[in-house]
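Engineer: The amino acid sequence is not available; the structure is as follows:
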């Protein structure tokens, strides 16, 4: 949970030194083990880091580690189980809009628009007919793109493609 803890530690629980220790530990582990093993970084789960600001912060922190070339990918949902769910077939999956998202501000605008459309689509009884709207933890309502692990993975893919 190092990435999740690094990103979500409150100021009262985590000093700069603690955050730097997480960064140093992750960098060291990836640098050493990356030469002898296939590595997947634990990216928590959509209920923890599936929000627009958390997704962007995660990609920035991981890119700061300067070890991406040694990672095969990410693992999610390792500890606190969240349903796999059904993938929303919306703009998040669109390849055409990837080229249009060039800055952090454009990415935030894009992610927020996808979330707004998803909230509208899944509001009340509207979402009863689309399995993508199954959201037992009510994360869409609280601005979460990671209301299921499949949708979290799609959002992570989009953010990392734009920011790294």
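Structural biologist: Perfect, I can see it now. Just so it is clear, the model here is predicted, and its values are computed rather than measured. Numbering: from 1, shown residues only.
Engineer: okay, residue 122: pLDDT?
Structural biologist: With respect to pLDDT, residue 122 scores 85.
Engineer: Now the phi/psi pair for it, please.
Structural biologist: Phi and psi for residue 122, reported as degrees, to the nearest 10, are phi -100, psi 0.
Engineer: nearest spatial neighbour of it, skipping sequence neighbours?
Structural biologist: In this structure, residue 122 finds its nearest non-sequential neighbour in residue 133, 3.6 Å apart by CB to CB, 6 or more residues apart in numbering. Where C-beta positions appear, they are placed from N, C-alpha and C, glycine not excepted.
Engineer: any idea how far the one you found lies from residue 145?
Structural biologist: 13 Å (CB to CB, to the nearest Å).
Engineer: Comparing the two, which residue is more hemmed in?
Structural biologist: residue 145 (28 against 20; other CB atoms under 10 Å).
Engineer: mind listing what that one touches?
Structural biologist: 46, 50-52, 55, 92, 111, 114-115, 118, 151-152, 155 (CB atoms under 8 Å, 6 or more residues apart in numbering).
Engineer: try it again with 10 Å
Structural biologist: Residues near residue 145 by CB atoms under 10 Å, 6 or more residues apart in numbering: 46, 49-52, 54-55, 88, 92, 111-112, 114-115, 118, 139, 151-152, 154-156, 158-159.
Engineer: Please pick the buried ones from those residues.
Structural biologist: 46, 49-52, 54-55, 88, 92, 111, 114-115, 118, 139, 151-152, 154-156, 158-159 (16 or more other CB atoms under 10 Å).
Engineer: I'd say residue 152 and residue 49 touch.
Structural biologist: Yes - with contact defined as CB atoms under 10 Å, residue 152 reaches residue 49; the gap is 7.7 Å.
Engineer: For the protein, which segments count as strands?
Structural biologist: Here the chain has its strands, by DSSP state E, at 39-42, 71-75.
Engineer: Show me what the shortest one is in contact with.
Structural biologist: Same thing as strand 39-42. Against strand 39-42 from outside (CB under 10 Å, 6+ apart): 1-4, 26, 29-30, 33, 58, 62, 65, 67-68, 70-79.
Engineer: returning to that earlier point: common neighbours of residue 152 and residue 49, please.
Structural biologist: With contacts defined as CB under 10 Å, 6+ apart, the residues shared by residue 152 and residue 49 are 43, 55, 76, 144, 145, 146.
Engineer: Nearest to residue 123, out of the residues you listed: which one, please.
Structural biologist: The closest of the shared contacts of residue 152 and residue 49 to residue 123 turns out to be residue 144 (CB to CB; 14.5 Å).
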